[in-house]
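1. Below is the sequence, then the predicted model.
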Amino acid sequence: RLLRRNLSIKQVNLQLDNSCPNELIKSCFIGVLCNRTVTDISLEASSVSLDSKDFPFPEHCVYVQCTLKLHLPPQTWCKVLCSLAKDEYLKELALSLKCNKTSSCDECKCDSVERSLRENSSLKTVKLEMDSSCPKELTRSCLIGVLHNQTMTDVNIDAYDCSIGNE
């Protein structure tokens, strides 16, 4: 509640590991993500596998800079990516996508991810790290969306151990 209601917070940098209880991580993330005055956000919990209900990402973002290093189900990543890519204020985006191995991309909206990344004209700097835990469809959509965006000036993509074929 305190993180959500503090209207003077503009920049948040949270680095949480598996020594933190899931409830604490969830509370911190909910508080920060529901605070509408935060414009610069950095959340890292890549060693913790979060459920979609543990990560209630807003549908409409107002971030200028966003860094996420998280372990989420693919469908949650799709929701997050679509929200971020529609953010007309976002200038810098850095994502380290790790997915739950047991999850598939069946419910993903990969075409929406691709289109949203391709059409965002405010995004200038993008850094994407994807590993083999990401479904092929999600990795491919991110790559195509970023590479076909005509307004980005600084792109860094690490998908070295992903198998996406040459289509």
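-> Perfect, thanks for sending it.
2. ok, which stretches of the protein are strands?
-> Assignment of strands within the chain using DSSP state E yields the ranges 11-15, 40-49, 65-72, 92-99, 125-130, 154-158.
3. out of those, nearest to residue 57?
-> Taking CB to CB as the criterion, residue 57 comes closest to strand 65-72 out of these, the separation being 9.1 Å. C-betas here are computed from N, CA, C, even on glycine.
4. quick one: residue 41 from residue 91, how far?
-> Look at residue 41 and residue 91: by CB to CB, to the nearest Å, they are 13 Å apart.
5. between those two, who's got more neighbours?
-> residue 41 (21 against 13; other CB atoms under 10 Å).
6. what's near enough to touch the more buried one?
-> Residue 41 makes contact with 11, 12, 32, 63, 65, 66, 67, 68 under the criterion CB atoms under 8 Å, 6 or more residues apart in numbering.
7. and it, bridged to which residues?
-> On DSSP bridges, the residues paired with residue 41 through beta bridges are residue 12, residue 66.
8. Please apply the same query to residue 130.
-> Each beta-bridge partner of residue 130 is listed here, defined by DSSP bridges: residue 97.
9. sorry, back to before: return the member of the strands of the chain having the minimum mean pLDDT.
-> Mean pLDDT across those is lowest at strand 40-49; the value there is a mean of 84.
10. Would you map the helices across this structure?
-> For the chain, helices defined by DSSP state H occupy the ranges 2-5, 22-33, 74-85, 110-119, 136-147.
11. tell me the angle of the second one relative to strand 40-49?
-> Helix 22-33 and strand 40-49 are oriented at 160 degrees to each other (axes from the mean of the first three to the mean of the last three CA atoms, to 10 degrees).
12. For helix 22-33, which outside residues touch it?
-> The set of residues external to helix 22-33 that reach it, using CB under 8 Å, 6+ apart, is 1-4, 12, 14, 16, 38, 41, 43, 45, 48, 50, 54-58.
13. Does residue 37 touch residue 12 like I think?
-> No - taking CB atoms under 8 Å as the definition, residue 37 is not a contact partner of residue 12, at 10.3 Å.
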